[in-house]
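1. Build me a model from this:
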Amino acid sequence: MRRRRNTKIVATLGPASSTPEMIRALFEAGADVFRLNMSHGSQDDVRARHAAIRALEAEVGRPIGILADLQGPKLRVGRFRDGAVQLREGATFRLELSGEDGDETRAVLPHPEVFQALSTGTRLLLDDGKVALEVTEAGSDFAMTRVVEGGPLSNRKGVNVPNAVLPIAALTPKDLSDLDFVANLGVDWVALSFVQRPEDVAELRKHLRGRAAVMSKIEKPAALERLDEIIELSDGLMVARGDLGVELPIQEVPTSQKRITRACRRAGKPVIVATQMLESMVVQPVPTRAEVTDVATAVYEGADAIMLSAESASGAHPVEAVSMMDSIALQVEGDAYYPSITQAQRLEPEATAADALSAAARQVAETLRSAAIVTYTTSGSTALRAARERPRVPMLTLTPSIATARRLALCWGAHSVVTEDAHNFDEMVDKARATAKADGFAEPGQRIVITAGVPFGTPGTTNVLHVAWVT
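-> Here you go, the predicted model:
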(Lines give C-alpha, C1' and ligand atoms only; values in the text may rest on other atoms or scores of the structure.)
Protein backbone atom coordinates (compact mmCIF):
# COMPACT_ATOMS: atom_id res chain seq x y z
CA MET A 1 0.00 0.00 0.00
CA ARG A 2 1.52 3.28 -1.12
CA ARG A 3 0.38 6.64 0.22
CA ARG A 4 -0.01 9.39 -2.37
CA ARG A 5 1.09 12.09 0.05
CA ASN A 6 4.34 12.93 1.84
CA THR A 7 2.95 14.31 5.11
CA LYS A 8 2.30 11.53 7.61
CA ILE A 9 -0.77 11.11 9.84
CA VAL A 10 -0.67 10.11 13.53
CA ALA A 11 -3.91 8.78 15.04
CA THR A 12 -4.39 8.40 18.79
CA LEU A 13 -6.10 5.20 19.90
CA GLY A 14 -8.67 5.20 22.68
CA PRO A 15 -12.14 3.98 23.64
CA ALA A 16 -13.55 4.82 20.20
CA SER A 17 -10.78 3.19 18.20
CA SER A 18 -9.16 0.21 19.89
CA THR A 19 -10.71 -2.83 18.24
CA PRO A 20 -8.68 -4.57 15.54
CA GLU A 21 -11.42 -3.69 13.05
CA MET A 22 -11.27 0.01 13.89
CA ILE A 23 -7.46 0.09 13.85
CA ARG A 24 -7.54 -1.44 10.38
CA ALA A 25 -10.14 1.12 9.26
CA LEU A 26 -7.96 3.98 10.54
CA PHE A 27 -4.92 2.59 8.73
CA GLU A 28 -6.84 2.18 5.49
CA ALA A 29 -8.15 5.74 5.86
CA GLY A 30 -4.58 7.03 6.06
CA ALA A 31 -3.03 6.61 9.52
CA ASP A 32 0.72 5.95 9.29
CA VAL A 33 1.52 5.98 13.02
CA PHE A 34 -0.63 5.11 16.04
CA ARG A 35 -0.25 6.97 19.33
CA LEU A 36 -0.77 5.15 22.62
CA ASN A 37 -1.57 7.74 25.28
CA MET A 38 -0.19 6.51 28.62
CA SER A 39 -2.33 9.06 30.49
CA HIS A 40 -5.42 6.94 29.85
CA GLY A 41 -6.11 3.24 30.11
CA SER A 42 -4.16 0.41 31.67
CA GLN A 43 -1.00 -1.35 30.53
CA ASP A 44 -3.21 -4.27 29.51
CA ASP A 45 -5.12 -1.89 27.21
CA VAL A 46 -1.83 -0.72 25.70
CA ARG A 47 -0.63 -4.29 25.22
CA ALA A 48 -3.83 -5.23 23.38
CA ARG A 49 -3.62 -2.18 21.08
CA HIS A 50 0.04 -2.86 20.36
CA ALA A 51 -0.73 -6.48 19.45
CA ALA A 52 -3.57 -5.41 17.15
CA ILE A 53 -1.29 -2.95 15.31
CA ARG A 54 1.47 -5.51 14.86
CA ALA A 55 -1.04 -8.11 13.62
CA LEU A 56 -2.33 -5.59 11.08
CA GLU A 57 1.22 -4.75 10.04
CA ALA A 58 1.98 -8.41 9.36
CA GLU A 59 -1.23 -8.76 7.37
CA VAL A 60 -0.80 -5.71 5.11
CA GLY A 61 2.97 -6.03 4.75
CA ARG A 62 3.67 -2.38 5.51
CA PRO A 63 5.68 -1.01 8.47
CA ILE A 64 3.46 0.87 10.93
CA GLY A 65 4.88 3.20 13.57
CA ILE A 66 3.80 3.15 17.22
CA LEU A 67 4.30 6.19 19.47
CA ALA A 68 3.90 5.77 23.24
CA ASP A 69 3.19 9.13 24.91
CA LEU A 70 4.21 9.29 28.58
CA GLN A 71 1.93 11.18 30.94
CA GLY A 72 4.66 13.28 32.56
CA PRO A 73 4.37 15.24 35.81
CA LYS A 74 0.79 16.43 36.27
CA LEU A 75 0.33 19.37 38.65
CA ARG A 76 -3.14 19.55 40.16
CA VAL A 77 -4.93 21.25 43.03
CA GLY A 78 -6.56 19.06 45.66
CA ARG A 79 -10.22 18.55 46.38
CA PHE A 80 -12.83 21.08 47.54
CA ARG A 81 -15.25 20.60 50.41
CA ASP A 82 -18.26 21.09 48.10
CA GLY A 83 -16.64 19.76 44.95
CA ALA A 84 -16.17 23.20 43.36
CA VAL A 85 -15.81 26.88 44.22
CA GLN A 86 -16.26 30.20 42.44
CA LEU A 87 -13.17 32.43 42.55
CA ARG A 88 -13.84 36.14 42.17
CA GLU A 89 -11.47 38.59 40.51
CA GLY A 90 -9.42 40.55 43.06
CA ALA A 91 -10.03 38.06 45.89
CA THR A 92 -7.21 36.57 47.97
CA PHE A 93 -6.65 32.86 47.54
CA ARG A 94 -4.18 30.74 49.52
CA LEU A 95 -2.41 27.64 48.22
CA GLU A 96 -1.07 25.20 50.79
CA LEU A 97 1.12 22.14 50.55
CA SER A 98 -1.25 20.11 52.74
CA GLY A 99 -4.41 20.47 54.75
CA GLU A 100 -8.13 19.91 54.63
CA ASP A 101 -10.31 20.11 51.54
CA GLY A 102 -10.41 23.60 50.06
CA ASP A 103 -13.04 26.33 49.89
CA GLU A 104 -13.41 29.82 48.35
CA THR A 105 -10.34 31.08 50.23
CA ARG A 106 -7.83 28.24 50.00
CA ALA A 107 -6.82 25.01 48.24
CA VAL A 108 -4.25 22.27 48.65
CA LEU A 109 -1.47 22.15 46.07
CA PRO A 110 0.41 18.93 46.93
CA HIS A 111 3.57 19.73 44.95
CA PRO A 112 6.48 21.05 47.04
CA GLU A 113 8.50 21.61 43.85
CA VAL A 114 6.04 24.29 42.76
CA PHE A 115 6.44 26.28 45.97
CA GLN A 116 10.22 26.19 45.51
CA ALA A 117 9.83 27.99 42.18
CA LEU A 118 7.33 30.66 43.29
CA SER A 119 8.10 34.28 44.06
CA THR A 120 6.15 37.52 44.21
CA GLY A 121 4.62 38.23 40.83
CA THR A 122 4.68 34.63 39.57
CA ARG A 123 1.58 33.80 37.54
CA LEU A 124 -0.34 30.55 38.05
CA LEU A 125 -2.87 29.24 35.55
CA LEU A 126 -5.54 26.76 36.65
CA ASP A 127 -7.92 24.58 34.66
CA ASP A 128 -6.25 25.12 31.26
CA GLY A 129 -5.86 28.83 31.92
CA LYS A 130 -9.50 29.55 32.71
CA VAL A 131 -8.47 30.84 36.17
CA ALA A 132 -5.36 32.99 36.70
CA LEU A 133 -3.63 33.77 40.00
CA GLU A 134 -0.71 36.08 40.82
CA VAL A 135 1.54 35.30 43.79
CA THR A 136 1.73 38.09 46.40
CA GLU A 137 3.68 36.14 49.03
CA ALA A 138 5.45 32.78 48.86
CA GLY A 139 6.93 30.35 51.36
CA SER A 140 8.24 26.81 51.33
CA ASP A 141 4.79 25.32 51.90
CA PHE A 142 2.30 28.06 50.99
CA ALA A 143 1.58 30.90 48.58
CA MET A 144 -0.79 33.83 48.94
CA THR A 145 -2.23 34.87 45.62
CA ARG A 146 -4.56 37.43 44.08
CA VAL A 147 -7.22 36.21 41.65
CA VAL A 148 -6.49 37.91 38.32
CA GLU A 149 -9.03 35.98 36.24
CA GLY A 150 -11.89 34.48 38.21
CA GLY A 151 -14.17 31.59 37.47
CA PRO A 152 -15.27 28.17 38.69
CA LEU A 153 -12.63 25.78 40.01
CA SER A 154 -13.36 22.16 40.83
CA ASN A 155 -11.55 19.10 42.21
CA ARG A 156 -8.18 18.06 40.78
CA LYS A 157 -7.92 20.72 38.09
CA GLY A 158 -4.53 21.22 36.46
CA VAL A 159 -2.00 23.90 37.37
CA ASN A 160 0.45 25.57 34.98
CA VAL A 161 3.38 27.79 35.97
CA PRO A 162 4.35 29.43 32.66
CA ASN A 163 7.26 31.65 33.65
CA ALA A 164 9.24 29.31 35.86
CA VAL A 165 11.47 26.28 35.40
CA LEU A 166 10.14 23.85 37.97
CA PRO A 167 12.61 21.64 39.86
CA ILE A 168 10.67 18.47 39.05
CA ALA A 169 11.91 15.21 37.59
CA ALA A 170 11.19 14.69 33.92
CA LEU A 171 10.00 11.15 34.63
CA THR A 172 7.54 10.34 37.42
CA PRO A 173 7.41 6.86 39.02
CA LYS A 174 4.43 6.11 36.76
CA ASP A 175 6.43 7.24 33.72
CA LEU A 176 9.35 4.99 34.64
CA SER A 177 7.04 2.01 34.99
CA ASP A 178 5.29 2.81 31.69
CA LEU A 179 8.62 3.46 29.97
CA ASP A 180 10.04 0.04 30.74
CA PHE A 181 6.74 -1.55 29.80
CA VAL A 182 6.42 0.07 26.35
CA ALA A 183 10.14 -0.23 25.56
CA ASN A 184 10.05 -3.96 26.26
CA LEU A 185 6.79 -4.23 24.35
CA GLY A 186 8.54 -2.83 21.27
CA VAL A 187 7.13 0.62 20.50
CA ASP A 188 9.07 2.71 17.99
CA TRP A 189 8.87 6.16 19.58
CA VAL A 190 8.50 7.38 23.17
CA ALA A 191 7.20 10.92 23.71
CA LEU A 192 8.32 12.87 26.77
CA SER A 193 5.78 15.34 28.16
CA PHE A 194 6.48 18.78 29.67
CA VAL A 195 10.12 19.00 28.57
CA GLN A 196 11.72 22.04 30.20
CA ARG A 197 15.43 21.60 29.50
CA PRO A 198 17.85 19.35 27.57
CA GLU A 199 18.63 17.42 30.74
CA ASP A 200 15.04 16.10 30.70
CA VAL A 201 15.64 14.52 27.29
CA ALA A 202 19.00 13.11 28.41
CA GLU A 203 17.23 11.47 31.36
CA LEU A 204 14.79 9.71 29.05
CA ARG A 205 17.61 8.60 26.76
CA LYS A 206 19.44 7.10 29.74
CA HIS A 207 16.44 4.98 30.71
CA LEU A 208 15.51 4.01 27.14
CA ARG A 209 18.97 2.69 26.25
CA GLY A 210 18.27 2.85 22.54
CA ARG A 211 15.14 0.70 22.68
CA ALA A 212 13.04 3.39 20.95
CA ALA A 213 13.43 6.82 19.40
CA VAL A 214 12.90 9.91 21.58
CA MET A 215 10.13 12.41 20.81
CA SER A 216 10.28 15.63 22.88
CA LYS A 217 6.97 17.43 23.36
CA ILE A 218 7.32 21.20 23.31
CA GLU A 219 4.61 22.60 25.56
CA LYS A 220 6.56 24.81 28.02
CA PRO A 221 7.99 28.29 27.33
CA ALA A 222 11.21 27.20 29.07
CA ALA A 223 11.73 24.59 26.33
CA LEU A 224 11.56 27.27 23.65
CA GLU A 225 14.42 29.10 25.32
CA ARG A 226 16.69 26.06 24.80
CA LEU A 227 15.07 24.70 21.68
CA ASP A 228 18.22 23.94 19.67
CA GLU A 229 19.79 22.01 22.55
CA ILE A 230 16.60 19.97 22.99
CA ILE A 231 16.44 19.21 19.27
CA GLU A 232 20.05 18.05 19.30
CA LEU A 233 19.31 15.46 22.01
CA SER A 234 15.98 14.35 20.51
CA ASP A 235 15.11 12.15 17.54
CA GLY A 236 11.99 14.20 16.83
CA LEU A 237 9.74 16.92 18.29
CA MET A 238 6.03 17.40 18.83
CA VAL A 239 4.43 20.84 18.82
CA ALA A 240 2.01 20.07 21.69
CA ARG A 241 -0.26 23.07 21.28
CA GLY A 242 -2.60 22.20 24.17
CA ASP A 243 -0.44 23.11 27.14
CA LEU A 244 1.72 25.39 24.99
CA GLY A 245 -1.39 27.44 24.27
CA VAL A 246 -2.08 27.67 28.00
CA GLU A 247 1.41 28.65 29.09
CA LEU A 248 2.13 31.05 26.23
CA PRO A 249 -0.05 34.00 25.25
CA ILE A 250 -2.30 32.26 22.75
CA GLN A 251 -1.37 34.64 19.92
CA GLU A 252 2.25 33.41 20.19
CA VAL A 253 1.39 29.77 19.45
CA PRO A 254 1.39 30.08 15.61
CA THR A 255 4.78 31.77 15.52
CA SER A 256 6.18 29.22 17.98
CA GLN A 257 4.80 26.40 15.81
CA LYS A 258 6.54 27.87 12.77
CA ARG A 259 9.79 28.33 14.68
CA ILE A 260 9.80 24.74 15.98
CA THR A 261 8.89 23.29 12.57
CA ARG A 262 11.67 25.16 10.79
CA ALA A 263 14.22 24.36 13.48
CA CYS A 264 13.45 20.64 13.07
CA ARG A 265 13.65 20.93 9.30
CA ARG A 266 17.06 22.58 9.67
CA ALA A 267 18.21 19.74 11.94
CA GLY A 268 16.71 17.06 9.68
CA LYS A 269 14.53 15.62 12.45
CA PRO A 270 10.81 14.78 12.24
CA VAL A 271 8.30 17.20 13.72
CA ILE A 272 4.63 16.52 14.54
CA VAL A 273 2.04 19.30 14.77
CA ALA A 274 -0.59 18.23 17.30
CA THR A 275 -3.68 19.18 19.33
CA GLN A 276 -7.12 20.41 18.26
CA MET A 277 -6.39 20.09 14.56
CA LEU A 278 -9.91 18.83 13.77
CA GLU A 279 -11.37 19.28 17.25
CA SER A 280 -14.96 19.80 16.13
CA MET A 281 -14.94 16.31 14.59
CA VAL A 282 -15.03 14.87 18.10
CA VAL A 283 -18.76 15.54 17.71
CA GLN A 284 -19.43 16.74 14.15
CA PRO A 285 -18.93 14.66 10.97
CA VAL A 286 -17.18 17.55 9.20
CA PRO A 287 -14.60 20.06 10.52
CA THR A 288 -14.79 23.82 10.52
CA ARG A 289 -13.18 25.83 7.71
CA ALA A 290 -10.69 27.22 10.22
CA GLU A 291 -9.62 23.69 11.26
CA VAL A 292 -9.11 22.67 7.64
CA THR A 293 -6.94 25.76 7.15
CA ASP A 294 -4.99 24.92 10.32
CA VAL A 295 -4.16 21.44 9.02
CA ALA A 296 -3.29 22.85 5.61
CA THR A 297 -0.97 25.42 7.18
CA ALA A 298 1.01 22.67 8.94
CA VAL A 299 1.35 20.82 5.62
CA TYR A 300 2.45 23.95 3.76
CA GLU A 301 4.96 24.63 6.52
CA GLY A 302 6.55 21.24 5.91
CA ALA A 303 5.61 19.37 9.09
CA ASP A 304 6.56 15.70 8.87
CA ALA A 305 3.32 14.62 10.51
CA ILE A 306 -0.04 15.94 11.68
CA MET A 307 -1.81 14.35 14.62
CA LEU A 308 -5.30 13.54 15.82
CA SER A 309 -5.93 13.27 19.57
CA ALA A 310 -9.49 13.10 20.91
CA GLU A 311 -10.79 13.14 17.33
CA SER A 312 -9.66 9.54 16.81
CA ALA A 313 -9.36 8.37 20.43
CA SER A 314 -12.80 9.20 21.79
CA GLY A 315 -14.66 11.08 19.08
CA ALA A 316 -17.78 10.06 17.21
CA HIS A 317 -16.08 10.05 13.79
CA PRO A 318 -12.52 8.68 14.07
CA VAL A 319 -12.28 7.20 10.56
CA GLU A 320 -13.77 10.31 8.98
CA ALA A 321 -11.25 12.47 10.85
CA VAL A 322 -8.32 10.49 9.43
CA SER A 323 -9.85 10.57 5.95
CA MET A 324 -10.29 14.32 6.23
CA MET A 325 -6.64 14.82 7.20
CA ASP A 326 -5.60 12.61 4.31
CA SER A 327 -7.66 14.59 1.80
CA ILE A 328 -6.41 17.96 3.11
CA ALA A 329 -2.77 16.86 2.85
CA LEU A 330 -3.33 15.51 -0.67
CA GLN A 331 -5.00 18.76 -1.73
CA VAL A 332 -2.21 20.94 -0.35
CA GLU A 333 0.60 18.83 -1.77
CA GLY A 334 -1.10 18.96 -5.17
CA ASP A 335 -1.29 22.75 -5.08
CA ALA A 336 0.84 24.49 -7.73
CA TYR A 337 2.24 26.78 -5.02
CA TYR A 338 3.33 23.95 -2.72
CA PRO A 339 6.70 23.17 -4.39
CA SER A 340 7.75 26.82 -4.41
CA ILE A 341 6.84 27.19 -0.72
CA THR A 342 8.86 24.13 0.31
CA GLN A 343 11.73 25.23 -1.93
CA ALA A 344 11.77 28.67 -0.31
CA GLN A 345 12.31 26.98 3.07
CA ARG A 346 15.13 24.79 1.79
CA LEU A 347 18.41 25.10 3.66
CA GLU A 348 21.98 24.77 2.51
CA PRO A 349 23.31 21.22 2.99
CA GLU A 350 25.75 20.68 5.81
CA ALA A 351 29.35 19.82 4.97
CA THR A 352 28.86 16.05 5.10
CA ALA A 353 28.83 13.40 2.38
CA ALA A 354 25.26 12.41 3.28
CA ASP A 355 23.97 15.97 2.93
CA ALA A 356 25.93 16.66 -0.23
CA LEU A 357 24.63 13.49 -1.88
CA SER A 358 21.05 14.05 -0.66
CA ALA A 359 21.05 17.56 -2.14
CA ALA A 360 22.60 16.28 -5.35
CA ALA A 361 20.10 13.40 -5.57
CA ARG A 362 17.19 15.83 -5.28
CA GLN A 363 18.61 18.12 -7.94
CA VAL A 364 19.46 15.27 -10.33
CA ALA A 365 16.05 13.63 -9.83
CA GLU A 366 14.17 16.86 -10.44
CA THR A 367 16.31 17.85 -13.43
CA LEU A 368 15.93 14.44 -15.09
CA ARG A 369 12.27 14.16 -14.04
CA SER A 370 13.11 10.84 -12.46
CA ALA A 371 10.34 8.61 -11.15
CA ALA A 372 11.80 8.34 -7.63
CA ILE A 373 14.76 8.71 -5.33
CA VAL A 374 15.73 5.33 -3.83
CA THR A 375 17.72 5.55 -0.60
CA TYR A 376 19.48 2.65 1.11
CA THR A 377 19.68 3.16 4.86
CA THR A 378 20.45 1.07 7.95
CA SER A 379 19.89 3.48 10.82
CA GLY A 380 17.48 5.80 8.98
CA SER A 381 19.79 8.82 9.05
CA THR A 382 20.27 8.89 5.26
CA ALA A 383 16.51 8.86 4.72
CA LEU A 384 16.10 11.74 7.19
CA ARG A 385 18.72 13.80 5.35
CA ALA A 386 17.02 13.03 2.03
CA ALA A 387 13.65 14.10 3.47
CA ARG A 388 15.22 17.35 4.71
CA GLU A 389 15.56 18.30 1.03
CA ARG A 390 11.78 17.92 0.51
CA PRO A 391 12.26 16.59 -3.07
CA ARG A 392 9.48 16.95 -5.61
CA VAL A 393 9.82 13.30 -6.63
CA PRO A 394 8.74 10.36 -4.42
CA MET A 395 11.18 8.83 -1.92
CA LEU A 396 11.61 5.07 -1.58
CA THR A 397 13.67 3.88 1.38
CA LEU A 398 15.21 0.40 1.46
CA THR A 399 16.40 -0.88 4.82
CA PRO A 400 17.28 -4.27 6.34
CA SER A 401 15.85 -3.13 9.70
CA ILE A 402 12.15 -3.35 10.51
CA ALA A 403 12.78 -1.06 13.50
CA THR A 404 14.20 1.60 11.18
CA ALA A 405 11.29 1.22 8.76
CA ARG A 406 8.78 1.67 11.58
CA ARG A 407 10.51 4.78 12.92
CA LEU A 408 10.61 6.26 9.44
CA ALA A 409 6.80 5.99 9.29
CA LEU A 410 6.95 9.48 10.88
CA CYS A 411 9.40 10.87 8.32
CA TRP A 412 8.11 13.15 5.55
CA GLY A 413 7.89 11.32 2.24
CA ALA A 414 9.61 8.11 3.32
CA HIS A 415 8.03 4.95 1.91
CA SER A 416 10.05 2.23 3.59
CA VAL A 417 10.52 -1.31 2.37
CA VAL A 418 12.34 -3.92 4.45
CA THR A 419 14.83 -5.86 2.33
CA GLU A 420 18.21 -7.47 2.78
CA ASP A 421 21.28 -5.31 2.24
CA ALA A 422 22.87 -5.37 -1.17
CA HIS A 423 26.24 -7.14 -1.31
CA ASN A 424 27.61 -5.47 -4.44
CA PHE A 425 26.91 -2.62 -6.83
CA ASP A 426 24.89 -4.61 -9.36
CA GLU A 427 22.67 -6.08 -6.65
CA MET A 428 22.11 -2.59 -5.25
CA VAL A 429 20.84 -1.36 -8.61
CA ASP A 430 18.75 -4.47 -9.27
CA LYS A 431 17.04 -4.29 -5.85
CA ALA A 432 16.27 -0.61 -6.31
CA ARG A 433 14.80 -1.18 -9.78
CA ALA A 434 12.72 -4.17 -8.73
CA THR A 435 11.32 -2.54 -5.60
CA ALA A 436 10.54 0.75 -7.36
CA LYS A 437 8.60 -1.20 -9.98
CA ALA A 438 6.87 -3.56 -7.53
CA ASP A 439 5.70 -0.74 -5.23
CA GLY A 440 4.41 1.42 -8.06
CA PHE A 441 7.10 4.10 -8.00
CA ALA A 442 8.47 3.55 -11.50
CA GLU A 443 7.62 1.85 -14.76
CA PRO A 444 9.95 0.35 -17.37
CA GLY A 445 11.68 3.12 -19.29
CA GLN A 446 11.74 5.55 -16.35
CA ARG A 447 14.81 6.60 -14.42
CA ILE A 448 15.44 6.39 -10.69
CA VAL A 449 18.17 8.07 -8.63
CA ILE A 450 19.86 5.79 -6.07
CA THR A 451 21.91 6.78 -3.02
CA ALA A 452 23.78 4.22 -0.94
CA GLY A 453 26.92 3.64 1.07
CA VAL A 454 29.97 1.55 0.24
CA PRO A 455 30.95 -0.74 1.85
CA PHE A 456 27.34 -1.98 1.85
CA GLY A 457 25.60 -2.46 5.21
CA THR A 458 27.82 0.04 7.04
CA PRO A 459 25.78 2.80 8.75
CA GLY A 460 26.78 6.40 8.06
CA THR A 461 28.71 5.78 4.84
CA THR A 462 26.44 7.31 2.17
CA ASN A 463 28.88 7.98 -0.64
CA VAL A 464 27.28 6.71 -3.88
CA LEU A 465 24.82 8.40 -6.24
CA HIS A 466 23.72 6.44 -9.30
CA VAL A 467 21.11 7.01 -12.01
CA ALA A 468 19.49 3.82 -13.32
CA TRP A 469 16.85 2.97 -15.92
CA VAL A 470 14.02 0.73 -14.80
CA THR A 471 13.65 -2.24 -17.13
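2. Name the SS class of the residue nearest to Pro63 when sequence neighbours are not counted, please.
-> Of all residues beyond its chain neighbours, the one nearest Pro63 is Ala405 (3.8 Å), with distances taken as Cβ to Cβ, 6 or more residues apart in numbering. The C-beta positions use only the backbone N, C-alpha and C, and glycine is treated the same way. At Ala405, secondary structure determined by DSSP: H, G, I helix; E, B strand; the rest coil is helix.
3. how near is Ala405 to Tyr376?
-> Going from Ala405 to Tyr376 by Cβ to Cβ, to the nearest Å gives 12 Å.
4. where do the contact lists of those two overlap?
-> Overlap of the contact sets of Ala405 and Tyr376 (by Cβ atoms under 8 Å, 6 or more residues apart in numbering) consists of Thr399.
5. what's the span of stretch 167-181, first residue to last?
-> Stretch 167-181 has an end-to-end distance of 26 Å (criterion: Cα to Cα, to the nearest Å).
6. I misspoke; the intended subject was stretch 300-309.
-> End-to-end distance for stretch 300-309, by Cα to Cα: 21 Å.
7. likewise stretch 92-102?
-> For stretch 92-102, the end-to-end distance is 14 Å (Cα to Cα).
8. Which positions within the longest helix along the chain qualify as buried?
-> Criterion DSSP state H: the longest helix present in the chain is helix 43-60. Residues Val46, Ala48, Arg49, His50, Ala52, Ile53, Leu56, Glu57 are the ones in helix 43-60 that count as buried (16 or more other Cβ atoms under 10 Å).
9. neighbour-wise, which of Ala405 and Tyr376 wins?
-> Taking neighbours as other Cβ atoms under 10 Å, Ala405 and Tyr376 compare with Ala405 leading, 27 against 24.
10. What's the per-residue pLDDT of the more buried one here?
-> Reported pLDDT at Ala405 in the predicted model: 98.
11. contacting residues around it?
-> Counting by Cβ under 8 Å, 6+ apart, Ala405 touches Pro63, Thr397, Thr399, Ser416, Val417, Val418.
12. Surely the fourth one forms part of a helix?
-> No - when classified by three-state DSSP, Ser416 is found to be strand rather than part of a helix.
13. who's in contact with it?
-> Counting by Cβ under 8 Å, 6+ apart, Ser416 touches Pro63, Ala383, Thr397, Leu398, Thr399, Thr404, Ala405, Leu408, Ala409.
14. what do you get if the cut-off is 10 Å, keeping everything else the same?
-> Contacts for Ser416 were tallied using Cβ atoms under 10 Å, 6 or more residues apart in numbering; they are 62-63, 65, 375, 377, 380, 383, 395-399, 401-402, 404-409.
15. How about it, nearest residue that isn't a chain neighbour?
-> Once flanking residues are discounted, Ser416 sits nearest to Ala405: 3.8 Å by Cβ to Cβ, 6+ apart.
16. pLDDT score assigned to the spatially closest residue to Arg156 that is not a sequence neighbour?
-> Nearest non-adjacent residue to Arg156, counting by Cβ to Cβ, 6+ apart: Arg76, 4.9 Å away. Arg76 carries a pLDDT value of 95.
17. the strands in the stretch 351-471 of the chain, which residues?
-> Per DSSP state E, counting those that start in this stretch, the stretch 351-471 of the chain carries strands over the ranges 372-376, 395-399, 414-418, 447-453, 462-469.
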